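S.K.: Just to be clear, the model below is a prediction. Sequence and coordinates:
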Amino acid sequence: MQVYKVGGAVRDRLLGLPVTDIDRVVVGATTEEMLAQGFRPVGADFPVFLHPKTGEEYALARTERKSGRGYGGFTFYASPEVTLEEDLVRRDLTINAMAEDDQQNLTDPYHGQRDLEARILRHVSPAFAEDPLRVLRVARFAARYAGLGFTVAPETVELMRQLSASGELQALTAERSWKEISRALMEDQPQVFIQVLRDCGALNVLMPEVDALFGVPQPETHHPEIDTGLHTLSVLQQAALHKQPLTVRWACLLHDLGKGLTPQEEWPRHIAHEHSGLKLIKAVNERFKAPKDCQELALLVGHYHTHGHRALELKASTLLELLQSFDVYRRPQRFEEFIAACEMDARGRKGLEQRSYPQADYLRGAATAARGVAVQPLLEKGFTGPALGEALKRERLKVLKAYKDAATA
């Protein structure tokens, strides 16, 4: 019985990066032997066990065979006869198909170390094309390691292209897709994830609404980068640079979907794209079963991001409606995330990445002013029910007018 560290733990150690998750493979053992040593089985699908003291995962070496569609369409065979090399060959990328023992002796049958040094993401074997989830995983790794100079090998891109055209991507569950998408969006360069998906045709399958933005022009005076798809990538890049949370990054990805519906004869203008895009944002939200907070912010940013950019020009009544739409009195954080998404949108323009965004502080000040209206004096005046709501609205409008006058004087 031999135990090896495999996958990411080996890869990241060789890259000099912090090792967080450690996966271990056990060669030459049976389920009965693992149980006899006190290991606890995890589920019924895979021969994976938890260490009796540390709780870390240990998996029996196994082979796999394609038996159906999608990520789950595999049968597994675990046996003491399965070699380490046979276990490693079923993995996605060569840089994830290395193993080392407790003395850090490296087993690298598929030249993962060479690809690490060459900064190449390359598939291990043709069996790569049997698992559609690997398209998303490779794109995610590309986003993670882009800063180190990694790129996807052309032959791997070709396999990803074949997978994208095969219909296999549609067999992925919303939950599995969202897990990969959400992790990729939180990488240092999430725009690379979207670009790699587009390069292999997967973006058109998974998010045709986003793919449709590429090649759609915008007015050069406001958008020097012109192309709406490139703008979206830049907005996502800014969100990562400014360490924005997942909710904001998801909203940044979807905020301009309405521009993909603009008739060509109306280009480069996109009148009412905020409204037309809502049905597309809703469709993408539902397709991947995005968490509720991500769904809500994406819809609100899609609808109101131009309000954010024009904040200093808005009438006090429009400003009040904006604040009411976000329920800033009970959910101040959501409005703060809206402001952040608007700022990333403004910064995601060629040559304007460092431009200040005074709208942010103005909107925060407006929210603070509106929240500062006290309810108690109105109650003491006898207002109740709907009348109280109207009185509150009048008072808030009054303070917002005063705030606007003072701020724009």
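M.R.: Sure thing, it's come through.
S.K.: Against residue 222, how distant is the most centrally placed residue in the chain?
M.R.: The chain has residue 185 as the residue nearest its centroid, 2.6 Å off, counting by CA atoms, centre = their mean. Distance, residue 185 to residue 222, using CB to CB, to the nearest Å: 25 Å. All C-beta spots, glycine's among them, are computed from the backbone N, C-alpha and C.
S.K.: same question, residue 5
M.R.: 52 Å.
S.K.: neighbour-wise, which of those two wins?
M.R.: residue 5 (19 against 13; other CB atoms under 10 Å).
S.K.: three-state assignment of that one?
M.R.: strand (DSSP: H, G, I helix; E, B strand; the rest coil).
S.K.: follow-up on the earlier one: if I pick the residue nearest to the centre of the chain, what's in contact with it?
M.R.: 193, 236, 246, 249-250, 253 (CB atoms under 8 Å, 6 or more residues apart in numbering).
S.K.: low-confidence ranges in the stretch 301-409 of the chain?
M.R.: Applying pLDDT under 70 to the stretch 301-409 of the chain flags no residue at all.
S.K.: what about the helices in it?
M.R.: 316-326, 332-347, 358-371, 376-380, 385-407 (DSSP state H, counting those that start in this stretch).
S.K.: Ok, which of those comes nearest residue 106?
M.R.: With CB to CB as the measure, helix 332-347 is the member of the helices of the stretch 301-409 of the chain nearest residue 106 (41.7 Å).
S.K.: Who are the contact partners of residue 240?
M.R.: 187-191, 249 are the contacts of residue 240 under CB under 8 Å, 6+ apart.
S.K.: can you pick the most crowded of those residues?
M.R.: residue 190 (26 neighbours).
S.K.: where's that one relative to residue 183, distance?
M.R.: Residue 190 is 10 Å from residue 183, by CB to CB.
S.K.: before we move on, back to that, any chance of the contacts of residue 185 in JSON lines with distance to residue 281, pLDDT and secondary structure as columns?
M.R.: Output for those, formatted as JSON lines (distance: CB to CB, whole Å; pLDDT from 0 to 100; DSSP: H, G, I helix; E, B strand; the rest coil):
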{"residue": "193", "distance to residue 281": "19", "pLDDT": "98", "secondary structure": "helix"}
{"residue": "236", "distance to residue 281": "15", "pLDDT": "98", "secondary structure": "helix"}
{"residue": "246", "distance to residue 281": "16", "pLDDT": "98", "secondary structure": "helix"}
{"residue": "249", "distance to residue 281": "14", "pLDDT": "98", "secondary structure": "helix"}
{"residue": "250", "distance to residue 281": "10", "pLDDT": "98", "secondary structure": "helix"}
{"residue": "253", "distance to residue 281": "10", "pLDDT": "98", "secondary structure": "helix"}
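S.K.: What segments of the stretch 151-300 of the chain are strands?
M.R.: 151-152 (DSSP state E, counting those that start in this stretch).
S.K.: Can you show me the helices along it?
M.R.: Along the stretch 151-300 of the chain, the segments classed as helices by DSSP H, counting those that start in this stretch run 154-166, 174-185, 190-199, 202-206, 208-211, 228-241, 246-254, 273-276, 278-287, 292-309.
S.K.: Okay, buried residues for the second one please.
M.R.: Using 16 or more other CB atoms under 10 Å as the burial criterion, the residues of helix 174-185 that qualify are 176-178, 180-185.
S.K.: farthest pair in the residues you listed?
M.R.: Applying CB to CB across the buried residues of helix 174-185, the maximum distance is between 176 and 185, 15.3 Å.
S.K.: Bridged to residue 217, which residues?
M.R.: Beta-bridge pairing of residue 217 under DSSP bridges involves residue 227.
S.K.: burial measure for residue 260, as a count.
M.R.: 22.
S.K.: if I look at it, how far off is residue 300?
M.R.: Distance check for residue 260 against residue 300: by CB to CB, it reads 19 Å.
S.K.: Surely residue 346 and residue 353 touch.
M.R.: No - under the criterion of CB atoms under 8 Å, residue 346 makes no contact with residue 353, lying 9.5 Å away.
S.K.: Those two: who's more crowded?
M.R.: residue 346 (21 against 13).
S.K.: residues contacting the more buried one?
M.R.: 309, 352, 355, 357, 359.
S.K.: just the buried members of those?
M.R.: Of the contacts of residue 346, these count as buried by 16+ other CB under 10 Å: 309, 357, 359.
S.K.: Not counting its neighbours along the chain, what's nearest the last one?
M.R.: Spelled out, it's residue 359. Excluding its sequence neighbours, the residue lying closest to residue 359 (CB to CB, 6 or more residues apart in numbering) is residue 311, at 4.2 Å.
S.K.: try the second one
M.R.: Computed as CB to CB, 6+ apart, the closest residue to residue 357 that is not its neighbour in sequence is residue 343, at 4.5 Å.
S.K.: gap between the one you found and residue 334?
M.R.: 15 Å.
S.K.: now residue 216
M.R.: Going from residue 216 to residue 334 by CB to CB gives 29 Å.
S.K.: could you dump stretch 278-292 to CSV, C-alpha only?
M.R.: The C-alpha trace of stretch 278-292 is given here as CSV (Å, rounded to 0.1, in the frame of the first residue of the first chain):
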residue,chain,number,x,y,z
LEU,A,278,-33.5,42.2,-18.2
LYS,A,279,-35.1,39.2,-19.9
LEU,A,280,-31.7,37.9,-20.9
ILE,A,281,-30.2,38.5,-17.5
LYS,A,282,-33.1,36.6,-16.0
ALA,A,283,-32.6,33.7,-18.4
VAL,A,284,-28.9,33.4,-17.6
ASN,A,285,-29.6,33.6,-13.9
GLU,A,286,-32.1,30.8,-14.1
ARG,A,287,-30.0,28.6,-16.5
PHE,A,288,-27.3,28.3,-13.9
LYS,A,289,-29.5,28.6,-10.8
ALA,A,290,-27.3,31.4,-9.6
PRO,A,291,-27.7,32.3,-5.9
LYS,A,292,-30.5,34.7,-5.0
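S.K.: List the buried residues of that stretch.
M.R.: Those would be 278, 280-282, 284-285, 288, 290, for stretch 278-292 by 16+ other CB under 10 Å.
S.K.: Contacts for it next, please.
M.R.: By CB under 8 Å, 6+ apart, the surrounding residues in contact with stretch 278-292 are 174-175, 177-178, 181, 207, 209-210, 250, 254, 257-258, 260-261, 294-295, 298-299, 302-303.
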